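S.K.: sequence and predicted structure are below.
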Amino acid sequence: MKLSELELDVGEQLAPSTLKERFDRGMTGRGIEICYDEENQRYLRVFSDEDGPYSDDVRPGQFLYIGDGKSGDQKLTHGNKALVNSIERPLPIFFFHREASVSEWEYQGLVEVVNYEYGPLNPNERSVFQFLLQRESEGVEVVDEVESVADLPQPDRTEVTRCRVIRNTTRVRRLKELYDFSCQVCGQQRRRSPDEPYAEGHHLQPLGGHHNGPDAAENLLVLCPNHHADFDYGVIEVDPETLRMSHAYDSAVDGRSLTVSASHKLDTSFLEYHNRWIANF
């Protein structure tokens, strides 16, 4: 199956056998499934069952979806990690909902993760991932010039304060210069123009969300765009002791050693963090 050729209609009712036929794969029983198509494009299938064990609140507009893990505190692994990572690295997320006592799944369209929280829904309960999802088909409605006239009621507005992590760009640039803007995974140097090299800085323990990693050289790698995405998507692991890399599917990387300059004091505890909480294969 190729995502570019997949045919699904919002509101369509699908039996498990039909889902298998459309996607060339059956259901695993997980609420969040990490999938790849024939062209190795990554996507997610997310299922919400009213007869299931979770307290999802599926409704029009933004809605609450509880992460994977039926007992004990939920962990930032597998599908939960994939949904968290999709906030910064979007990918197709197909959402299916099944009403109580119904055998077929309703396809409700592609969704995106607006935000998430981690903690108990009620006092003295286990901690779960609480994802706020939004259907892409329910985006902001656009009013054209003909309809946008003075007598139309204007929507209410509210002032919103955004809080974001301020990154030390000087520190990242110095590290890029140390590696001559070459990727620590593959050694290649990309360019944004004939005279301007290009590389990206990657935090092994992410700065945002509940990760709360430090903006320090000990937590940074210099990567090309492709291998930056691989680290974000969790398809690369690095042995903290030998620096030997394992890749989920790329034999050109699997078994190679991560390049680390003697002047780069990389803290291997951040490699361990990445392997435990980000890598997912």
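M.R.: All right, it came through fine. Values in this document were obtained by computation on a predicted structure and should not be read as measured data. Numbers count the residues shown, from 1 in each chain.
S.K.: hey, let's count contacts and neighbours off CA atoms from now on
M.R.: OK.
S.K.: ok, which stretches of this protein are strands?
M.R.: 13-14, 32-36, 42-49, 63-66, 93-98, 105-120, 127-135, 190-193, 196-198, 200-203, 220-223, 236-238, 245-247 (DSSP state E).
S.K.: how far does stretch 73-92 sit from the chain's center?
M.R.: Shown here is stretch 73-92, whose average C-alpha point lies 5 Å from the average C-alpha point of the whole chain (C-alpha atoms, centre = their mean, to the nearest Å).
S.K.: the closest residue in space to residue 78 that isn't next to it in sequence: neighbour count?
M.R.: With sequence-adjacent residues excluded and distances taken as C-alpha to C-alpha, 6 or more residues apart in numbering, residue 78 is closest to residue 280, at 5.7 Å. Counted by other C-alpha atoms under 10 Å, the residues lying close to residue 280 total 20.
S.K.: was I right about residue 280 contacting residue 77?
M.R.: Yes: the pair formed by residue 280 and residue 77 meets the contact definition of C-alpha atoms under 8 Å, at 6.8 Å.
S.K.: what about stretch 237-254, start to end distance?
M.R.: This stretch, stretch 237-254, spans 9 Å end to end (C-alpha to C-alpha, to the nearest Å).
S.K.: same question, stretch 272-281
M.R.: In stretch 272-281, first residue to last residue: 15 Å (C-alpha to C-alpha).
S.K.: quick one: contacts for residue 183?
M.R.: With contact set as C-alpha atoms under 8 Å, 6 or more residues apart in numbering, residue 183 has these partners: 189, 199, 222, 223, 224, 227.
S.K.: show the contacting residues for the second one.
M.R.: For residue 199, the contact set (C-alpha under 8 Å, 6+ apart) comprises 176, 181, 182, 183, 189, 190, 191, 222, 223, 224, 225.
S.K.: how about the first one: what's its closest non-neighbour residue?
M.R.: Closest residue to residue 176 in three dimensions, ignoring its sequence neighbours and counting by C-alpha to C-alpha, 6+ apart: residue 222, at 6.0 Å.
S.K.: so the one you found touches residue 198, yeah?
M.R.: No: taking C-alpha under 8 Å as the definition, residue 222 is not a contact partner of residue 198, at 10.1 Å.
S.K.: got any residues that touch both of the two?
M.R.: Common contacts of residue 222 and residue 198, defined by C-alpha under 8 Å, 6+ apart, comprise residue 181.
S.K.: neighbour-wise, which of those two wins?
M.R.: residue 222 (29 against 18).
S.K.: circling back: and the contacts of residue 183, which is closest to residue 82?
M.R.: Relative to residue 82, the closest of the contacts of residue 183 is residue 227; by C-alpha to C-alpha it sits at 17.0 Å.
S.K.: quick check: that closest one touching residue 184?
M.R.: No: under the criterion of C-alpha under 8 Å, residue 227 makes no contact with residue 184, lying 9.0 Å away.
S.K.: low-confidence ranges, this protein, go.
M.R.: By pLDDT under 70, the low-scoring segments of the chain are 138-169, 208-209.
S.K.: all the helices of it, residue numbers only.
M.R.: Remark: helices assigned in the chain by DSSP state H are 16-23, 78-85, 169-178, 225-233, 268-273.
S.K.: same for the last one, what does it pack against?
M.R.: So the one you mean is helix 268-273. Using 3 or more C-alpha pairs under 8 Å, 6 or more residues apart in numbering; DSSP states H and E as the contact test, no helix or strand touches helix 268-273.
S.K.: who touches it?
M.R.: The set of residues that contact helix 268-273 without belonging to it, under C-alpha under 8 Å, 6+ apart, is 204, 205, 218, 219, 238, 239, 240, 241.
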